[in-house]
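In: Pasting the sequence and the predicted model now:
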Amino acid sequence: MLLTRIKGPRDLDRLSQEELTQLAAEIRSFLVDAVSKTGGHLGPNLGVVELTIALHRVFDSPKDKVLFDTGHQAYVHKLLTGRQDFGNLRSKGGLSGYPSRAESDHDVIENSHASTVLGWADGLAKANEVLRREDHHVAAVIGDGALTGGMAWEALNNIAAAKDRPLVIVVNDNERSYGPTIGGLANHLATLRTTDGYERFLARGKELLERTPVVGKPLFETLHGAKKGLKDFIAPQGMFEDLGLKYIGPIDGHDIEALESALQRAKRFSGPVIVHCLTQKGRGYTPALEHEADRFHAVGVIHPDTGLPVKTAAASWTSVFADEMVKLGHEREDIVAITAAMLHPVGLNKFAEAFPDRIFDVGIAEQHGATSAAGLATGGVHPVFAVYATFLNRAFDQVLMDVALHKCGVTFVLDRAGVTGDDGASHNGMWDMSILQVVPGLRLAAPRDAEQLRAQLREAVAVEDAPTVVRFSKGVVGPAVPAVGRIGGMDLLRAPAPEVTRPDVLLVSVGALAPMCLEVADLLDKQGISSTVVDPRWVKPVDEALAPLAERHRVVVTVEDNGRTGGVGAAVSQALRDAGVDVPLRDFGIPQRFLDHALRKEILAEIGLTAPDIARQVTGLVAKLDGRYDNEPAATVD
């Protein structure tokens with residue numbers, strides 16, 4: 001096989017065009033076989049095989065910087081830079097599903113959030129200019145979906161201002177981000193895809209006119225001077241040229257020879273250049289091409305021949321939310337939904353099918369989505385903006401200054417909150433409960449099971465004078481965790497024995513960690529340590545009943561699937577101080593560091609967020625209160 005002979009990008013230089021075509025076919029077969037076993041981003045990588053080969057033939061990575069936005073389309077890049085062991089893709093100790101600096105010098109950026117690559121490229125190109133590295137080049141690949149993000153256009157505005165600073169921008173135009181790309185830019189690119197012949201027309205016209213004596217050349221220069229208008233008439237790529245960017249394309253993104261030619265021309269140009277490539281997401285794999293929803297953007301473990309899941313998926317948090325949204329839509333005509341180019345991943349596809357006039361896809365533009373939601377609320381409807389928890393970080397200022405300041409009734413539903421695992425550091429939703437704590441008036445719910453998700457979503461959309469947030473985990477929703485009582489607005493999940501006058505520990509369980517907290521209580525009970533377990537349900541604001549309840553216990557312990565700094569534990573600690581309750585508090589959560597990709601359970605074990613780890617530490621804390629010294633062994637927890 002040719003692929004096994006590729007140890008680095010320069011090995012591509014020795015291959016003929018026929019061999020490159022064969023290599024592309026081998027890469028597609030490899031990807032289908034490998035990703036079907038591990039899960040991962042399949043469709044986007046099948047679409048960029050020839051484009052990635054051409055990039056590495058033209059540019060000399062890692063001296064030249066080849067950047068990918070978003071990094072989920074970098075599997076082919078990994079293969080061509082010597083990383084062909086995909087056996088543990090996205091698993092602990094295996095390859096990351098995104099570019100990773102720890103893996104290779106060929107990987108430059110690894111944040112895997114969309115619309116950022118052009119900002120990176122602008123900075124790298126400026127650095128080359130400052131340091132006079134004239135033999136260094138920057139090539140940034142951005143999908144048409146990522147061009148719906150405002151950051152991309154802020155960067156383009158700056159890039160275009162430097163007419164003589166070399167930078168190659170490759171627009172990977174497959175009409176999709178997750179699903180079909182929407183918006184005005186998408187329509188513009190669609191027009192380009194369906195327009196043919198402008199460059200041939202201009203070249204032929206130049207040839208004919210320059211043969212005409214006396215008037216030929218002046219006439220051509222007049223026409224060439226008016227080419228913006230001509231281009232806008234024949235093909236509106238003039239939009240890019242209006243910004244001062246040289247435009248090449250559209251190019252067949254599966255023709256390696258044509259791609260190399262276009263990229264070589266762009267590389268030689270002394271300023272910023274757009275190379276517009278038309279690609280097909282899922283190319284070469286029939287099940288992906290026939291999957292209209294997202295062309296196998298991301299898959300779990302599938303059968304490679306059929307593309308069907310190997311295992312039947314159990315009910316997920318997302319599916320529970322999806323079904324409840326449809327019920328709410330039938331009950332309330334003022335409920336509308338917003339997604340940022342992720343209709344299916346966040347479960348709003350069912351709502352869209354039932355209420356096509358009440359769903360708004362803003363593209364990969366979370367900031368705009370949040371402010372648009374404020375406008376919708378001000379206009380008299382109640383928007384529900386469903387977004388991955390990690391992506392809400394991008395819209396913090398809009399949540400604060402547009403939604404909260406104006407007391408707008410907007411509900412944000414945060415999918416994939418907490419440790420998500422296999423997508424790595426940038427996709428763990430571990431910052432939302434810390435960031436949102438500082439937003440005045442905002443109310444934040446963390447449901448523990450499917451029943452509570454339904455109930456708290458309904459409570460959230462009933463609020464019309466403040467933003468509300470409902471956050472839940474990735475994956476399968478756990479079993480129901482019934483309450484045995486109510487204290488204020490909190491659910492009592494476990495009460496101490498009636499004869500216990502002052503229990504040892506108050507366990508404050510946040511969200512989906514309730515089963516683990518009940519396990520902690522069982523382990524403590526075996527050590528003779530009494531406990532109460534409560535689920536606050538709404539973790540912001542802190543329930544007024546919590547301080548007097550805490551005062552009746554010797555120790556307070558909070559457990560959350562969020563960063564410890566500024567999280568629920570910190571908010572509870574402040575509430576206790578404000579109430580004058582002087583009870584020791586220990587907060588358990590995610591340490592404030594970037595976590596490597598692994599299974600969720602592996603990460604939780606690594607950071608000590610498991611029942612035995614928590615019970616062991618709480619046992620030691622109670623032992624200290626009982627007057628033991630550090631050098632005396634505390635009771636062990638099995």
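Out: Perfect, thanks for sending it. Just so it is clear, the model here is predicted, and its values are computed rather than measured. Numbers count the residues shown, from 1 in each chain.
In: Would you mind listing where this structure has pLDDT under the threshold?
Out: Counting by pLDDT under 70, the chain contains low-confidence residues at 111-112, 144, 175-239, 628-638.
In: element containing Asp525?
Out: Assigning secondary structure by DSSP states H and E places Asp525 in helix 514-526.
In: Identify all contacting residues around that helix.
Out: Helix 514-526 is contacted by residues 448-449, 478-479, 481, 493-494, 504-505, 507, 509, 530-531, 533, 535, 559, 610-612, 614-615, 618-619, 637-638 when judged by C-beta atoms under 8 Å, 6 or more residues apart in numbering. (C-beta placed from N, C-alpha, C; glycine too.)
In: So for that helix, what gets flagged as buried?
Out: For helix 514-526, the neighbour count (16 or more other C-beta atoms under 10 Å) marks Ala514, Pro515, Met516, Cys517, Leu518, Glu519, Val520, Ala521, Leu523, Leu524 as buried.
In: Can you tell me how far the fifth one is from Val559?
Out: This means Leu518. Distance from Leu518 to Val559, counting by C-beta to C-beta, to the nearest Å: 11 Å.
In: what do these two both touch?
Out: Common neighbours of Leu518 and Val559 (C-beta under 8 Å, 6+ apart) are Ser509.
In: so how far is the helix holding Asp525 from its chain's centroid?
Out: How far helix 514-526 lies from its chain's middle: 33 Å, per C-alpha atoms, centre = their mean, to the nearest Å.
In: what helices or strands is the longest strand along the chain leaning on?
Out: In the chain, with assignment by DSSP state E, the single longest strand is strand 555-563. Strand 555-563 is packed against helix 432-435, strand 505-509, helix 514-526, helix 568-578, strand 585-590, helix 611-625, with contacts defined by 3 or more C-beta pairs under 8 Å, 6 or more residues apart in numbering; DSSP states H and E.
In: among those, which is the most enclosed?
Out: strand 505-509 (a mean of 26; mean count of other C-beta atoms under 10 Å).
In: List the strands paired with that one, with their directions.
Out: strand 531-535 (parallel), strand 555-563 (parallel) (DSSP bridges).
In: between that strand and strand 585-590, what angle do the directions make?
Out: Strand 505-509 and strand 585-590 are oriented at 30 degrees to each other (axes from the mean of the first three to the mean of the last three C-alpha atoms, to 10 degrees).
In: hmm, who's touching strand 505-509?
Out: 448, 493-494, 516-518, 520-521, 524, 529-536, 546, 549-550, 552-559, 568, 572, 618, 622.
In: again, only this time at 7 Å
Out: 493, 517, 520-521, 524, 529, 531-536, 549-550, 553, 555-559, 572, 618, 622 (C-beta atoms under 7 Å, 6 or more residues apart in numbering).
In: so which strand or helix has Asp294?
Out: Using DSSP H and E, Asp294 sits in no helix or strand.
In: Doesn't Leu493 belong to a helix?
Out: No. Counting by DSSP: H, G, I helix; E, B strand; the rest coil, Leu493 is located in no helix; its state is strand.
In: And for the closest residue to Gly284 other than its chain neighbours, the neighbour number?
Out: Nearest residue to Gly284 in three dimensions, chain neighbours excluded: Arg28, at 4.2 Å (C-beta to C-beta, 6 or more residues apart in numbering). Using other C-beta atoms under 10 Å, Arg28 has 17 neighbouring residues.
In: you'd agree Arg28 is in a helix?
Out: Yes. Under three-state DSSP, Arg28 sits within a helix.
In: ok, which stretches of the stretch 1-150 of the chain are strands?
Out: Ranges of strands within the stretch 1-150 of the chain are 65-69, 138-143, based on DSSP state E, counting those that start in this stretch.
In: Kindly spell out which helices and strands sit in contact with the shortest one.
Out: Meaning strand 65-69. helix 117-130, strand 138-143 (3 or more C-beta pairs under 7 Å, 6 or more residues apart in numbering; DSSP states H and E).
In: What pairs with the shortest one, parallel or antiparallel?
Out: Strand 138-143 has these partner strands in its sheet, going by DSSP bridges: strand 65-69 (parallel), strand 167-173 (parallel).
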